[in-house]
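>>> Mind folding the following:
(one chain, ligands or ions: 1)
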Amino acid sequence: MSLGIDVGGTKIAYGEVANGRILWKNTIATPQSKNELIATLTKIIDTYSGKEIGIGIPGQIKNGYVIFTPNIPLSDTPLSEILLKKTGKRISVENDANAFLIAEYRWGAVSSYDSAIGITLGTGIGGAIMIEGKLWSGAHGAGAELGHMALIEDGPLCGCGSRGCFEAIASPRSIEKWVKEQIKNGFPSQKTLYSLKEIIECRNKEPICTMAYERFVRFLGMGVANLVNILDPDIVVFGGSGVLSWEKWKDDAYAIFNRRILPSLKGKVKWVKARFLADSGIIGAAATASP
Ligand SMILES: [Zn+2]
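Take a look at the predicted model:
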């Protein structure tokens, strides 16, 4: 059993997990100052009687040190060290996308494979790489920010400051944003806003949705093909809100992917949906705590 703490920009979700199953969980608002946030984490940890505890944070992390996290006041913080001093417990601190892949590797959809790429589709595109059972977190804690692979030279501006990044083109949020811009620029449509779910539903009916859907599967297939051509993993596992409609887009994106990968890999690299969707942040954080 382990405690997983998923620290997000607006809420902290935490709970106890046994073999990938949630035993109980709770949610509180994320304090907006570093001191308050550390005090809150200390309190959560102090009230837990077990020893295995993991924290997942969307940001750049190296050996328990939070280097940079854009939406949470913990940048440049030796979090594991501080929490060890305050609670006496060794706590693993990991990037949330890495935690997602560790959970899928330990208890979920890729548990019988040695090498895997994890992709989370949501506001951005999170990524993680597992090679021979080991997570690659990079020389500087930035591994593996797959969402910032550049795909269009002068493409849409990305949150990282660059342009045309994978996540600025193909994440569910950026597809929705792209549709909004096309409509604003005069493209005829029945509504002014579409969610990815609506885009997928209307893909054979409304031209704007057809275009957006094709953009989504085309860039998703192409982006993942780039990664697979470099790493040659056994499998790619997809998580995040974008996989709620997995059955509707997977085959089209996979067909594009399969056209773009090396001939020797065609048909060999599987795509699967994550096992953990609800509470995946808590389960991922819990999975990083060593048994
Ligand atoms: Zn970027």
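>>> Next one: the closest residue to Gly242 other than its chain neighbours from Arg203, what distance?
Of all residues not flanking Gly242 in the chain, Leu121 sits nearest, at 2.8 Å (Cβ to Cβ, 6 or more residues apart in numbering). Where C-beta positions appear, they are placed from N, C-alpha and C, glycine not excepted. Using Cβ to Cβ, to the nearest Å, Leu121 is found at 17 Å from Arg203.
>>> Same question for Lys34.
45 Å.
>>> quick one: which of these two has more around it?
Arg203 (21 against 17; other Cβ atoms under 10 Å).
>>> ok so, going back, could I get the contacting residues of the residue nearest to Gly242?
Taking Cβ atoms under 8 Å, 6 or more residues apart in numbering, we find Leu121 in contact with Ala170, Ser171, Pro172, Leu220, Phe238, Gly239, Gly240, Ser241, Gly242, Val243.
>>> Most widely separated two among those residues?
Largest separation among those by Cβ to Cβ: Ala170 and Gly239, giving 14.9 Å.
>>> Isn't Thr210 up against Ile199?
No. Using Cβ atoms under 8 Å, Thr210 makes no contact with Ile199, being 9.0 Å away.
>>> Of those two, which one has the most company?
Each of Thr210 and Ile199 has its neighbours counted (other Cβ under 10 Å); Ile199 has more, 25 against 14.
>>> host element of that one?
For Ile199, the element it lies in under DSSP states H and E is helix 196-201.
>>> next SSE after that helix?
Helix 196-201 is succeeded, C-terminally, by helix 207-231 (DSSP H and E).
>>> Do any residues in that following helix lie close to the ion?
No. Interface with the ion: helix 207-231 contributes nothing (Cβ under 5 Å from the ion), its closest point being 12.1 Å away.
>>> and which of the contacts of Leu121 is nearest Asp252?
Once Cβ to Cβ is applied, the member of those that ends up nearest Asp252 is Leu220, at 9.1 Å.
>>> For that closest one, the count of nearby residues, please.
Number of residues near Leu220 (other Cβ under 10 Å) recorded here: 27.
>>> which residues does it contact?
Leu121, Ala170, Trp249, Ala253, Ile256, Phe257.
>>> Mind doing that once more with 10 Å?
For Leu220, the contact set (Cβ atoms under 10 Å, 6 or more residues apart in numbering) comprises 119, 121, 125, 166, 169-171, 175, 238, 242, 249-250, 252-254, 256-257.
>>> and what of Ser80?
Ser80 touches Ile55, Ile61, Asn63, Gly64, Tyr65, Val66, Lys89, Arg90, Ile91, Ser92, Val93, counting by Cβ under 10 Å, 6+ apart.
>>> And stretch 131-141, what's buried?
Leu135, Ser137, Gly141 (16 or more other Cβ atoms under 10 Å).
>>> tell me the least confident of those residues?
The member of the buried residues of stretch 131-141 with the lowest pLDDT is Gly141, at 84.
>>> Just confirm that one contacts Ile57, I think it does.
No. The pair Gly141 and Ile57 fails to qualify as a contact (Cβ atoms under 10 Å) at a distance of 11.3 Å.
>>> For the residue in the stretch 1-150 of the chain positioned nearest to the ion, grab the count of nearby residues.
Here the stretch 1-150 of the chain gets closest to the ion at one residue, His148, 3.7 Å apart by Cβ to the ion. By other Cβ under 10 Å, the residues close to His148 number 19.
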